[in-house]
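What would the 3D arrangement of this be:
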Amino acid sequence: MRVGIIGHGVVGNTISRKMREYANDEIVTCDIIKGKADYEDIQEMPFCETIIIAVVTTEQVIEVISKLHPKTMPYLISIESTCQVGTWHKIKDIVGKDIQVIMFPERIYPRDEFHGIFNQPRIMGGDIKEGRAFYDRYIIRENIIEASTADMASLVKLTENSYRHILISIAEELKMIFGDRFEELRKLCNTKWNIDIMEAREGISGLCLPKDIRILHEYTKSDLLEMVMLIDEKYRKELEDGGKVLVSQISNNR
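Residues are numbered from 1 along each chain as shown. Below is the predicted model of the structure:
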């Protein structure tokens, strides 16, 4: 079987390397950046029975789907990108009911590639029967967790990253409250078996957490999600201003 991986950034590159280790399939890659993958133009790719899409945004996913040539349309499309709720339905409207589509969002561990692709539980939604038939060749059956719908699979990815954003924002708020006493306070609190206050570092950066909480907020209009995003913005601003407010204003006698 030939498998096409579209998007050759951190996710796509890791997927292609891990798949090639299994040597079950011929793997071809595509990315718009010159020299990054086997092909730069989707329509120049050879026919692939399965295509995995690992781009960054929902808009990019839809753009990729729209560029697939009707004569080389795959049998199965796997979306390993993080997408807005409802993306699966938009894709099916474009490709038609005969093309099988699954939402199978990545769970990349940047410092632990061994567990970050195939050796951990993954959430799958959509045309699950065909999705399982493909990924069973790479992942043990117990690690494919079926969501009731494709939208639920998308929502899981958005929620788990937003939850982590919330936990970090709580730590940032505590650091702004307690200042130079925060680190000792955090370590002492974390001696309790059910407490795990996160570290507060340079603000919530990277690609996934800030993007995913915004997507979930657009979908839910949650006051909580809006609040924690504002906390992170405030924390970053105080760091930029020299962290003057990150020195405790609360009396040690309180």
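
And the longest helix along the chain, what's buried?
What stands out as the longest helix in the chain, according to DSSP state H, is helix 150-178. Using 16 or more other CB atoms under 10 Å as the test for burial, helix 150-178 gives 150-158, 161-162, 164-166, 168-169, 171-176, 178. The C-beta positions use only the backbone N, C-alpha and C, and glycine is treated the same way.

quick one: low-confidence parts of the protein?
243-254 (pLDDT under 70).

one more time with 50, if that's ok
Applying pLDDT under 50 to the chain flags residues 251-254.

where along the stretch 1-150 of the chain do the helices fall?
Listed in chain order, the helices of the stretch 1-150 of the chain (DSSP state H, counting those that start in this stretch) span residues 10-22, 58-67, 87-95, 113-116, 128-135, 150-178.

if we can go back for a sec, now for the longest helix of the chain, which elements pack on it?
Here helix 150-178 touches helix 87-95, strand 100-103, strand 122-126, helix 182-189, helix 208-220, helix 223-240, going by 3 or more CB pairs under 8 Å, 6 or more residues apart in numbering; DSSP states H and E.

is it possible to export those to JSON lines including distance to Lys36?
Converted to JSON lines, the helices and strands packed on helix 150-178 look like this (distance: least, CB to CB, whole Å):
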{"stretch": "helix 87-95", "distance to Lys36": "24"}
{"stretch": "strand 100-103", "distance to Lys36": "25"}
{"stretch": "strand 122-126", "distance to Lys36": "25"}
{"stretch": "helix 182-189", "distance to Lys36": "41"}
{"stretch": "helix 208-220", "distance to Lys36": "20"}
{"stretch": "helix 223-240", "distance to Lys36": "31"}
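
any idea which of the ones you listed is most buried?
strand 100-103 (a mean of 26; mean count of other CB atoms under 10 Å).

Each with direction, which strands does that one pair with?
Here strand 100-103 is paired, per DSSP bridges, with strand 76-79 (parallel), strand 122-126 (antiparallel).

wait, which of the helices of the stretch 1-150 of the chain is closest to Glu49?
For Glu49, the closest of the helices of the stretch 1-150 of the chain is helix 128-135, at 8.6 Å, according to CB to CB.
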